[in-house]
Structures are given as C-alpha cells and as structure tokens.
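Asker: generate a structure from the sequence data that follows.
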Amino acid sequence: MTSTSDANTVNPFELRSPLVTPRPLVWLPMDHRQRGGDDVSLPYLYLGDKYARAVRDGALAQPVSFPLADVADIPALLALVDGVMLTGSPSNVHPSHFNEPVADPSLPLDPARDALTFALVQHCIAQGVPLLGACRGFQEINVALGGSLHQAVHAVPGLQDHREDETAPLATQYGLSHELRIAPDSAMAQWAGGVQTRVNSLHGQGIGRLAPGLRAIAHAPDGLIEAFEITGAAAFAYAVQWHPEWRWSENPFYTAIFAAFGAACRSRKREKALRQRLAGATSVK
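Answerer: The predicted structure follows:
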C-alpha cells in the first residue's frame with residue numbers, strides 16, 4: 001500500500017489562512033505521573049506523541065489538552081471541542097472501580113485520570129460527542145459504564161498472554177501480533193475490508209465483564225474482546241484494545257479508523273456552527 005502520510009500531513013500554514021476552515025478540536029486527556037529522585041518526587045503530565053500525531057494527521061483534527069481539568073470543568077471544555085480520544089498509557093485503571101483489590105502493587109495506577117475520564121465518557125455519550133478509545137481508553141470506557149477487567153489476562157485460564165516483549169525493538173513490540181475476528185455487520189468490518197485481519201497487542205489487562213450498553217464487535221482468537229461500539233450512540237463511539245495510532249498510515253485498517261473518527265468530528269463541528277448561526281439569527285429577530 002502507498003503510504004498516505006504525505007497526503008494527510010498538516011501544512012503548518014494551513015490553519016493560519018482565513019480561507020481555510022479550522023480543523024475540529026479533539027481532546028486528549030493527559031496522564032499523571034511522578035518523576036524524581038529518592039528524596040523528592042515531582043508530578044508531571046504526559047501525552048504520548050504518537051496519539052497526538054495520529055489525531056492530527058490521521059483524523060485531520062487538531063489535538064488539544066486541558067492539563068489541569070477536573071470533573072467540574074467537563075461541560076464547559078467539552079463545548080469547545082468536537083471529539084475526544086482516550087489514549088493508552090503505562091498505567092492501569094484502578095480495580096476498586098470494579099470492586100477488586102489491587103492484584104499487583106508494582107503496576108502503575110492513575111486515579112486522577114480515572115476520575116476525569118470516567119466522567120468524560122458519560123458526558124460524551126450524553127452530548128453525542130465523537131469518542132474513540134485505545135488500549136487504556138478502551139478499558140476506561142468499559143469500566144466507566146459498569147464493566148470489569150481481568151487484571152492479568154495471561155493468568156486467566158484459556159486466555160493467551162497479550163503482553164509485548166519489552167526487550168524487543170519498538171517496531172517488533174508494536175508489530176502485528178494476532179488475528180482479529182470482526183462482526184460482519186459492524187462498521188469496523190468495513191474499515192478492515194473484511195471480517196479478519198491482524199493487530200498489535202501490548203496489554204496486560206483486558207475486559208472481563210462487558211458493560212451494559214456496549215456491543216463486542218471484534219475478538220482475539222482466545223475469545224478476548226478486542227473492540228466494542230456503544231450501542232445507540234448519537235455519534236461515533238468505538239474503542240479498541242490495540243494501538244491503531246502506531247504507524248497508522250502504513251496500515252489501511254488503522255488509517256480507516258482515524259478517517260472515520262475525523263469525519264465524525266468534522267460533522268459535529270458543522271452541526272455546532274449551524275446551531276450557532278441559527279441562534280444568532282433568532283436573537284437578531
């Protein structure tokens with residue numbers, strides 16, 4: 001396949017031109033981590049570059065973050081954006097959200113991100129804001145809506161080890177790892193060009209109980225849920241367990257996911273602009 005990266009790369013002058021419609025804005029919440037030495041630990045906020053670039057170049061949208069946003073800020077901030085992407089992260093969803101103790105204290109957690117994203121998921125669904133989740137984001141949506149996770153997929157009888165080899169080069173870690181079976185009546189089957197494909201796999205946790213209101217639309221060979229859609233959603237509402245942001249332009253399936261998400265964000269942007277024009281016309285009268 002010919003790479004689409006050149007066609008989708010943003011012209012740095014594009015958004016400065018008054019003749020060009022500004023791109024839709026996509027909110028990517030950030031991670032909270034502690035960095036420092038033995039005597040001091042400082043808080044840092046992180047956003048993976050690959051997610052932002054996939055949104056910019058794959059969805060043709062402008063990635064934005066609100067580093068110190070809290071739950072009370074969501075309604076006002078969500079009104080400013082046209083979509084939300086919940087990214088992957090080294091941290092796990094805190095198991096207290098599905099009534100389990102922490103199984104492995106050595107694994108990182110991010111309760112501040114949990115608090116924000118769980119509320120953000122609810123607001124996106126209620127307001128019809130396009131929503132895309134990947135890896136941790138996939139797990140966040142499931143738990144936010146009442147589902148549970150396997151804290152260690154590899155320890156569950158009948159399930160395979162879905163973790164990457166951390167000693168391997170990144171290209172190998174993010175390489176295609178296992179088959180994916182896709183529901184034939186789903187939009188995802190159209191994006192993949194069929195009901196079978198291959199995806200990468202870099203996760204230790206996975207869906208245990210699927211939340212009400214979610215429909216599983218793709219599975220790994222061992223039966224683990226790898227993708228779902230939010231049933232009855234007013235806009236794009238999909239999440240995947242793998243990492244479609246990794247070299248998205250080299251994979252037609254990943255390219256199609258971001259293209260569909262971007263189209264939904266542009267549609268919301270147009271709808272917001274129309275409502276504003278109608279409101280302005282009404283106020284003039």
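Asker: distance from the chain centre to stretch 91-110, please.
Answerer: When C-alpha coordinates are averaged (C-alpha atoms, centre = their mean, to the nearest Å), stretch 91-110 and its chain have centres 20 Å apart.
Asker: and it, what's buried?
Answerer: Neighbour counts using 16 or more other C-beta atoms under 10 Å place 91, 92, 93, 94, 95, 97, 98, 109, 110 of stretch 91-110 among the buried residues. C-beta here means a position set from N, CA and C on the backbone, and glycine is covered the same way.
Asker: do the same with stretch 50-66
Answerer: Under 16+ other C-beta under 10 Å, the buried positions of stretch 50-66 are 50-63, 66.
Asker: then stretch 276-285?
Answerer: Across stretch 276-285, burial judged by 16+ other C-beta under 10 Å covers no residue at all.
Asker: now do stretch 120-127
Answerer: Under the neighbour-count rule (16+ other C-beta under 10 Å), stretch 120-127 has 120, 121, 123, 124, 125 buried.
Asker: any chance of those in JSON lines with pLDDT and distance to residue 35 as columns?
Answerer: Supplementary listing: the buried residues of stretch 120-127 in JSON lines, determined by pLDDT from 0 to 100; distance: C-beta to C-beta, whole Å:
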{"residue": "120", "pLDDT": "98", "distance to residue 35": "25"}
{"residue": "121", "pLDDT": "98", "distance to residue 35": "28"}
{"residue": "123", "pLDDT": "98", "distance to residue 35": "30"}
{"residue": "124", "pLDDT": "98", "distance to residue 35": "30"}
{"residue": "125", "pLDDT": "98", "distance to residue 35": "34"}
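Asker: which of the residues you listed lies closest to residue 152?
Answerer: Residue 152 has its nearest neighbour among those in residue 121, at 24.0 Å by C-beta to C-beta.
Asker: which one is that closest one nearest to, not counting chain neighbours?
Answerer: Closest residue in space to residue 121, ignoring its immediate chain neighbours: residue 144 at 4.2 Å, by C-beta to C-beta, 6 or more residues apart in numbering.
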